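Peer 1: following is a predicted model, sequence given first.
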Amino acid sequence: MFGQIEIRLNELTPEQIAQYHEQGFLVIEGAVSSGTCDLLKSRINERLEEFDPNSIRSIFTTKEQDRQTDDYFLKSAERISYFFEEEAFDEHGELRQDKVLSINKIGHALHDKDELFADFSLSPIWATILKQLGMKKPLAAQSMYIFKQPNIGGEVNCHQDSTFLFTRPMSVIGLWFAIEDATLENGCLWGVPQGHKQGLEKRFERVSEGESAMKMTKLSDVDWPDEALAPLEVPKGSMVVLNGEFPHLSHANRSAQSRHAYALHAIDGDCEYPKTNWLLRHGRTFPEFRHNN
Ligand SMILES: O=C(O)CCC(=O)C(=O)O
Ligand SMILES: [Fe+2]
């Protein structure tokens, strides 16, 4: 292993805290060093080298697709699982390009199951920031390494993270790190400034506790017109903090540049966590952040 994790902030300023509450998001450029981004990326490349795409391709191409993909997805709550880009396969079910250029994301427990990602993700610095933003007991609930591959990187529809990770009261905060420059061309994030004040539009939940079938329930009529969306173009090493009710999206990547990002979603362990959330763990519960000592 070469290089070291280097996080370049200690806490938020009062202005940054106010901006987060007012706008629903916060951009901090240079939050992590360029070397840290490279280190995380090289760890992912090692994982991809070990990954056999045939081991899961059947899951995405059999007739029993729905049940099997649901099962693979639900189990990813406490695993390191691989999800393909929708456009990765040709009409014969063969990968169009190398596996390394075919994966949409890896989720949802890198922060727990990979040592380097745990070192980065569970840093006490993030707990400090999450507490400054109002959390009592921050927990690292889920993580995703998102590739946004050149040419075929799929779009992410406009959504709020609390739709997929619901607590009472709502508490999700997303920490999104640009592992590479995120630009208009390669599919940067977009969001609706102040959109978090409109409340939650819908919830994605199990039909009932213990069920693996999921449903989407509409909660309110909210309006996110295209004109309200602002692009969040950020250089490599930036951190974007997202309120769980902040509406955001990213467009498809039709450029020749990938747009790697790492997203960590935290929740407040002081809030109620309904067992109808898709993200349930049967082993260890959600990790706490580490302590300074
Ligand atoms: O990186 C993206 O394109 C979407 C990320 C996202 O939705 C999130 O981090 O919550
Ligand atoms: Fe999101």
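Peer 2: Good, I have the coordinates. Ligands and ions are numbered 1, 2, ... in the order given.

Peer 1: tell me the confidence at the closest residue to ligand 1 within the stretch 101-250 of the chain?
Peer 2: Using C-beta to the nearest ligand atom, the single residue of the stretch 101-250 of the chain nearest to ligand 1 is S250, 3.3 Å away. For the C-beta atoms, the positions are set from N, CA and C on the backbone; glycine is no exception. pLDDT for S250: 97.

Peer 1: again, but for T69
Peer 2: 79.

Peer 1: now do N253: how many residues are near it, please.
Peer 2: 24 (other C-beta atoms under 10 Å).

Peer 1: which residues does it bridge with?
Peer 2: N253 has these beta-bridge partners by DSSP bridges: G153.

Peer 1: so it sits against F147, correct?
Peer 2: No: the pair formed by N253 and F147 falls short of the contact definition of C-beta atoms under 8 Å, at 9.1 Å.

Peer 1: spell out which residues are contacts of both of those two.
Peer 2: Contact criterion C-beta atoms under 8 Å, 6 or more residues apart in numbering; residues shared by N253 and F147: 153, 259.

Peer 1: spatially, what comes nearest to D268 if we skip its sequence neighbours?
Peer 2: S171 (3.7 Å; C-beta to C-beta, 6 or more residues apart in numbering).

Peer 1: burial check on the one you found, number of neighbours?
Peer 2: 28.

Peer 1: what's the helix or strand for it?
Peer 2: Under DSSP states H and E, no helix or strand contains S171.

Peer 1: please apply the same query to the one 5 residues further on.
Peer 2: Secondary structure from DSSP H and E places W176 in strand 173-178.

Peer 1: please, where are all the strands along the stretch 151-293 of the chain?
Peer 2: Listed in chain order, the strands found in the stretch 151-293 of the chain under DSSP state E, counting those that start in this stretch are 156-159, 173-178, 189-191, 202-206, 214-218, 230-232, 239-243, 248-250, 261-268.

Peer 1: alpha carbons of the last one, in PDB - could you do that?
Peer 2: Right, the one you point to is strand 261-268. Included here for strand 261-268 are C-alpha records, laid out as PDB according to Å, rounded to 0.1, in the frame of the first residue of the first chain:
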ATOM      1  CA  ALA A 261     -17.400   9.600  -6.700                       C
ATOM      2  CA  TYR A 262     -17.700   8.100  -3.200                       C
ATOM      3  CA  ALA A 263     -20.900   8.700  -1.300                       C
ATOM      4  CA  LEU A 264     -21.400   7.900   2.400                       C
ATOM      5  CA  HIS A 265     -24.800   8.300   4.000                       C
ATOM      6  CA  ALA A 266     -25.100   8.900   7.700                       C
ATOM      7  CA  ILE A 267     -28.100   8.700   9.900                       C
ATOM      8  CA  ASP A 268     -28.700   9.700  13.500                       C
END
